[in-house]
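Chemist: Here's my sequence, what's the structure:
(chains A and B)
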Amino acid sequence: MIELIDISKTYHLGDSDVYALDEVNLSIDDGEFLGIVGPSGSGKSTLMNIMGVLDVADSGIYLLDGTSVESYSAAELARIRNRHIGFVFQNFNLIGRMSIEENVELPLIYRGMKAAERGPLVEAALEKVGLIDRRRHTPNNVSGGQQQRAAIARALVTEPSLILADEPTGNLDSHTGAEIVQLLHELNATGRTIVLITHDSTLAAQTGRTVHIRDGKVAAE
Amino acid sequence: MILQSIKMALKSILANKMRAFLTMLGIIIGVMALVVLVSLATSATSSVSDRISQLGNDLFTVSIRDDGGKPLKMDELDALTAEDTVGSVAPYLQSSGNVKQGTSTVRVSITGTNNAYFSIMSSALAGGRLLLQPDLDNYAHVVVLSYEAAAELFANVPISDIPGQSITLDDLPYQVVGVLAENESVTSTGMESYSVYVPFTVTARMTGSSDITSFYVMATDASQITAAETALNFWLLDRFGDTDAYYVQNMETLSETLSSVQDTFALLLGGIAGISLLVGGIGIMNIMLVSVTERTREIGIRKAIGATQGSIMTQFLLEAMVLCLIGCAIGIIGSGIVLGIVNMIASSGTDASSTTTATTYTLSGTVIVVSVVFSTVVGMVFGLYPAQKAARMHPIEALRYE
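Modeler: Numbering: from 1, shown residues only, chains lettered A, B, ... in the order given. Sure, this is the predicted structure:
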C-alpha cells in the first residue's frame, strides 16, 4: 500500500523555482497495475523518483507500507530501495562491464546475501524473463529488448513489493515494447504492484488504472 | 561483502588494464626505488660491519702522532703487555715491496710485526710456523706469507712444501717459515691480499728507525675491553704526557660510527623513495577521480538498486588500495630482479682467482613490510577523496549523467 499525501517538490533552476510536483495526492493498492501518463516535463519522473525514494519530497507525507519515509537516513533509504522497490528505466541502466547475470546479482550482493543463496534467486529471475541462455553475455552483446528483460530480472530478483517502470518501452520498437509490457502484466499477475510511467496513452490503456499528470498536479484518473 | 568488493575492484581494474598499469607505474617505481635503495644500503652496511667485527671489537689501534723526541721502543711495549687487562700488544710497520721467486715478481704489502699480531688478527697457519720472538731478537730474515701471496709465488708447490723455500724481498734473501690460512677479513681485500709478514726489527732496520709509531692492543677478553682501554690510556698519558700525542681507535666505535652513517644514508634514500611513492599516490588519486566521473552513471545505478554510501565508498577505496597493492607487488618483484642483476654484475666483476667475496645484495624484509604498509596507506589516503566524492553523489543526478 502506497500513499502520497500533499507531496510537493520544487527544483531551483537559476533564480526561478520550478514546481515539479504540486500537492500530489495518490494512493496505490497492493497488487495494482497503475499507469501514470503525462507529457514530458509534467513531473511524472519526479513522482517516480519520490516513490522510489531516490529523492525526498519538500513537503507532504509518503507512506510506504504504512511507514513514513521522510525521517529515514540515506542508508535507510538505500535499504528500502534494495528490499522493497525494483526500478526499470527507459535506457535499461545496466552496468556494461558486468555480465547480465552479475547485473542481476548486484542488488542481492548489496543486501548482504551469501553467494550460495544468490545463485538460485538469480537463476529464477533470469528464467522468468527468458534470459537464462544469455546470462554470461554483457549487455552490449544482446538486443535492447533483452537488455530491458535483464533490467526487469534485476528489479524482481529481490522480490520487491513495488516495481517502478519509467518509460520501459521508450527505447524499444513497438513489438518488443509489447513483449515487455506483457512481462510486466505477468509480474502483476503474481501479485506485485506495478507503476508504469509513460507518455504513450495506448500503453497506459492496458494498465488497470491510469492517472494523468500535468504541470505537477494530478489532472484526472 | 569485503570479499565481494575486492572482486569488484579487481574486475574494474582488469577492465582497463593499460590505464591501471600506467596508474600503478608511479607506485611500482616508488616501491622499486624504496626497496632497491634501502636493500642496497643495508646489505652494504651489514657486509662492512661484518668485516669489521671479524677484526674483533676487543681491539685497539694506537697511533703515535708526536713522540716529543722520545720515540717508543720495543721493550716499552713489554711493560704495557704486563698490564692485567691487556692480552697482547703488536707493533706494526707497513710498507710495500717486490717479492721475487724464480721468474715471478709480485708487488706485496710488507708488515713488520711480532708473534702477537697473528693472534690479534685471528690469522691461522696453513703450514710452517709464525714469527717468533727469537726472529725479532736476531733480526732474522724470515717471512710469513699470506695464503694469497703464497699461492701467487708458489703456484705449483703444495703448501706443506713452501716453508723452507727462499724468496727475495726488495733484493734481500729471506726464508719462508710459514703460510697463513685463507682469510676473508677486511685486511685481505684486493692488493692487500698479497701480504707478507717479517719480524718488526727487520723492517725497522730497513727503514732506518726502530721507533714504534703504531701498534695494536687486545684486551684479555671481551669483558675487559673498558678496563683495558682505561689502562691503555693511563699508560699512554703517563708515557707521553699529552693526550694529543697519540690516538686510540676502537674497532667497535669505528663500526658503530660506520653503521650509523650508513643507517642515516639508508633513511635518506628511503625518504627520497618515499616521496616518489607519495607522488605515485597522487597519480592514483588523479585516475580515481577520473574513474569516479566516468562511472557516475554506474554509481547512480548502484545507488538505485540499494548500494549505501558506505558500500560505494568501500568499493572505490578498495579499488585504490588494490591498485596500490598490485603496484607494490610488481615493484617488489621488480626489485628482486634488479637486485639479482646487481649481484650478477658484482660477482662477474670480481676476479675469479681472488678470494674476496662480493657483497650479496638481498631484499630486506623490513623494507618489504614497510613498502606494503606504505602502499596500503597511500592507497587509502589518496583513494579517500575520490571514494567520498563517489559516495556522496545524489542518485538522481548520477543517473541522469551522460
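Chemist: Could you check how far stretch A:117-129 is from the centre of its chain?
Modeler: Distance of stretch A:117-129 from its chain centroid, counting by CA atoms, centre = their mean, to the nearest Å, is 19 Å.
Chemist: pull the CA atoms of it into PDB?
Modeler: Extracted in PDB, the C-alpha atoms of stretch A:117-129 (Å, rounded to 0.1, in the frame of the first residue of the first chain):
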ATOM      1  CA  GLU A 117      21.700 -18.200  -1.700                       C
ATOM      2  CA  ARG A 118      22.100 -15.700  -4.500                       C
ATOM      3  CA  GLY A 119      22.700 -18.300  -7.200                       C
ATOM      4  CA  PRO A 120      19.200 -19.900  -7.300                       C
ATOM      5  CA  LEU A 121      17.400 -16.500  -7.000                       C
ATOM      6  CA  VAL A 122      19.400 -15.100  -9.900                       C
ATOM      7  CA  GLU A 123      18.600 -18.200 -11.900                       C
ATOM      8  CA  ALA A 124      14.900 -18.000 -11.100                       C
ATOM      9  CA  ALA A 125      14.700 -14.300 -12.100                       C
ATOM     10  CA  LEU A 126      16.500 -14.900 -15.400                       C
ATOM     11  CA  GLU A 127      14.300 -17.900 -16.100                       C
ATOM     12  CA  LYS A 128      11.200 -15.700 -15.500                       C
ATOM     13  CA  VAL A 129      12.300 -13.100 -18.100                       C
END
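Chemist: how about that stretch, does it get close to chain B?
Modeler: No - using CB under 8 Å from any CB of the partner chain, stretch A:117-129 never reaches chain B; the gap is at least 10.0 Å. Heads up, the C-betas are built off the backbone N, CA and C, glycines and all.
Chemist: Tell me which helix or strand the nearest residue to A:Ala20 once chain neighbours are set aside sits in.
Modeler: By the measure of CB to CB, 6 or more residues apart in numbering or on different chains, the closest residue to A:Ala20 outside its immediate chain neighbours is A:Thr46, 4.1 Å from it. A:Thr46 belongs to helix A:44-51 when elements are defined using DSSP states H and E.
Chemist: picking that back up, ok, the residue nearest to A:Ala20 - contacts?
Modeler: Shown in contact with A:Thr46 (CB atoms under 8 Å, 6 or more residues apart in numbering or on different chains): A:Lys9, A:Tyr11, A:Ala20, A:Leu21, A:Asp55, A:Gly216.
Chemist: Once you drop chain neighbours, what's closest to the residue of chain B found nearest chain A?
Modeler: As assessed by CB to the nearest CB, chain A sits closest to B:Gly306 within chain B, at 2.3 Å. Distances taken as CB to CB, 6+ apart put A:Asn82 closest to B:Gly306, at 2.3 Å, once the chain neighbours are dropped.
Chemist: Quantify the burial of that neighbour by counting its neighbouring residues.
Modeler: A:Asn82 has 22 neighbours, counted by other CB atoms under 10 Å in any protein chain shown.
Chemist: didn't it look like it was pressed against A:Tyr110?
Modeler: Yes - proximity of A:Asn82 to A:Tyr110 meets the contact threshold set by CB atoms under 8 Å, at 5.5 Å.
Chemist: can you list residues touching both of the two?
Modeler: Common neighbours of A:Asn82 and A:Tyr110 (CB under 8 Å, 6+ apart) are B:Ile305, B:Gly306, B:Ala307.
Chemist: Let me see the backbone angles for the second one.
Modeler: Put plainly, it is B:Gly306. Backbone torsions of B:Gly306, given as degrees, to the nearest 10, read phi 110, psi 10.
Chemist: try the first one
Modeler: Per-residue torsions, B:Ile305: phi -90, psi 10 (degrees, to the nearest 10).
Chemist: Then B:Ala82?
Modeler: Torsion angles, degrees, to the nearest 10, at B:Ala82: phi -70, psi -20.
Chemist: For it, the count of nearby residues, please.
Modeler: Neighbours of B:Ala82 using other CB under 10 Å come to 9.
Chemist: Only the buried residues of whichever strand or helix holds B:Thr230, if you could.
Modeler: Assignment of secondary structure by DSSP H and E places B:Thr230 within helix B:225-240. The neighbour-count check on helix B:225-240 (16 or more other CB atoms under 10 Å in any protein chain shown) flags B:Ile225, B:Ala228, B:Glu229, B:Ala231, B:Leu232, B:Trp235, B:Leu236, B:Arg239, B:Phe240 as buried.
Chemist: quick one: the first one and B:Leu59 touch, right?
Modeler: Looking back up the chat, that one is B:Ile225. No - under the criterion of CB under 8 Å, B:Ile225 makes no contact with B:Leu59, lying 9.1 Å away.
Chemist: who's in contact with the closest residue to chain B within chain A?
Modeler: In chain A, the residue that lies nearest chain B is A:Asn82 (2.3 Å; CB to the nearest CB). The contact partners of A:Asn82, taken as CB under 8 Å, 6+ apart, are A:Pro107, A:Tyr110, A:Arg111, A:Thr158, B:Ile305, B:Gly306, B:Ala307.
Chemist: Show me where the chain dips below the pLDDT cut-off.
Modeler: No chain specified, so I'll use chain A. For chain A, residues meeting the criterion pLDDT under 70 lie at A:221.
Chemist: that answer is for a different chain, and I need it for chain B
Modeler: B:1, B:49-57, B:183-193, B:349-359.
Chemist: Any chance of the backbone angles for A:Val37?
Modeler: phi -120, psi 140.
Chemist: On the three-state scheme, the spatially closest residue to it that is not a sequence neighbour is what?
Modeler: Spatial nearest neighbour of A:Val37, chain neighbours left out: A:Ala204 (4.4 Å); criterion: CB to CB, 6+ apart. With DSSP: H, G, I helix; E, B strand; the rest coil as the basis, A:Ala204 sits in helix.
Chemist: count of residues packed around A:Tyr72?
Modeler: 16.
Chemist: repeat for B:Ser95
Modeler: The number of residues near B:Ser95, taken as other CB under 10 Å, comes to 14.
Chemist: For A:Ile213, what is the enclosing helix or strand?
Modeler: strand A:209-214.
Chemist: Name all residues that sit in contact with B:Ile225 and B:Leu59 at the same time.
Modeler: In contact with both B:Ile225 and B:Leu59: B:Asn250, using CB under 8 Å, 6+ apart.
Chemist: Compute the number of surrounding residues for residue 102.
Modeler: Answering for chain A, as no chain was given. Quick note: A:Glu102 (other CB under 10 Å) scores 19 neighbours.
Chemist: ah, no, chain B please
Modeler: 11.
Chemist: With B:Ser311 instead?
Modeler: 21.
Chemist: right, and it touches A:Tyr110 too?
Modeler: Yes - with contact defined as CB under 8 Å, B:Ser311 reaches A:Tyr110; the gap is 6.1 Å.
Chemist: quick one: common contacting residues for these two?
Modeler: B:Arg302.
Chemist: who's in contact with whichever helix or strand B:Val99 is part of?
Modeler: B:Val99 belongs to strand B:93-101 when assigned by DSSP H and E. In this structure, residues lying in contact with strand B:93-101 by CB under 8 Å, 6+ apart are B:105-113, B:149, B:153-154, B:165-170, B:196, B:200, B:203-204, B:206-207, B:212-214.
Chemist: in what helix or strand does B:Leu258 lie?
Modeler: Counting by DSSP H and E, B:Leu258 is part of helix B:251-294.
Chemist: Can you name every helix or strand that that helix contacts?
Modeler: helix B:17-54, strand B:59-64, helix B:309-349, helix B:365-391 (3 or more CB pairs under 8 Å, 6 or more residues apart in numbering or on different chains; DSSP states H and E).
Chemist: Show me how far that helix is from its chain's centre.
Modeler: For helix B:251-294 - counting by CA atoms, centre = their mean - the centre lies 20 Å from the chain centre.
Chemist: Pull up the residues of chain A that are close to chain B.
Modeler: A:49, A:52, A:54-55, A:74-75, A:78-79, A:81-83, A:87, A:89, A:93-95, A:97-98, A:106-107, A:109-112, A:154, A:158.
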